[in-house]
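>>> Kindly generate the corresponding structure for this input.
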Amino acid sequence: MVSSDAVKMVAVGLIWGATNAFMRRGAIIWDRAMKSTSETQTSHSQLKKWLSLVLIWQYTLPFVINLSASAVFFIILHDTPISLAVPVTNATTFAATAVFGMILGEETRLGPALLGTFLIVLGASICIL
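Next up is the predicted model:
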């Protein structure tokens, strides 16, 4: 494996993790808006709910960036064994989601989150070496 592949895998994981945290924030904004309006459940109202989610840029922008990183991930899979790319990228994603969640002010049990993040980074490093 070339070191640039490892950098790409980690970069994709970081992007996925960051966008996960931002999409969660956008979904909370959307959920609050949905709770403030009451409608009966019809297929028309379901479409309206979906459109209202798409119109919330705090959700849509991270979602588009996340999908772009997914395209890069598939390009990485062309040159890298899946048995390496998946664990490294997913481990990085889990760690980045925790870190970015803390940065965005989500309630987190700091000790276990930091320990888990450390162990994930350690495991990913072992896979890369």
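>>> Quickly find the element holding A85.
Assessed by DSSP states H and E, A85 sits inside helix 82-103.
>>> what comes up buried for that helix?
For helix 82-103, the neighbour count (16 or more other CB atoms under 10 Å) marks 84-85, 87-102 as buried. Quick note: C-beta positions are derived from backbone N, CA and C, even for glycine.
>>> which SSE is the residue sitting nearest the centre point of the chain in?
For the chain, the residue nearest the mean C-alpha position is N20 (2.9 Å; CA atoms, centre = their mean). Here N20 sits within helix 3-36, counting by DSSP H and E.
>>> Tell me what angle that helix forms with helix 82-103.
Interaxial angle, helix 3-36 versus helix 82-103 (axes from the mean of the first three to the mean of the last three CA atoms, to 10 degrees): 50 degrees.
>>> got a list of contacts for the helix holding A85?
1, 5-6, 9-10, 12-14, 16-18, 20-22, 24, 73, 76-77, 108, 110, 113, 116-117, 120-121, 123-124, 127-128 (CB atoms under 8 Å, 6 or more residues apart in numbering).
>>> of those, buried ones?
Here, 16+ other CB under 10 Å leaves 5-6, 9-10, 12-14, 16-18, 20-22, 24, 73, 76, 113, 117, 120, 124, 127-128 buried among the contacts of helix 82-103.
>>> for the chain, which spans come out with low pLDDT?
Low-confidence segments of the chain (pLDDT under 70): 1-2, 38-44.
>>> residues touching S68, list them.
I15.
>>> Quickly find the element holding it.
Counting by DSSP H and E, S68 is part of helix 57-79.
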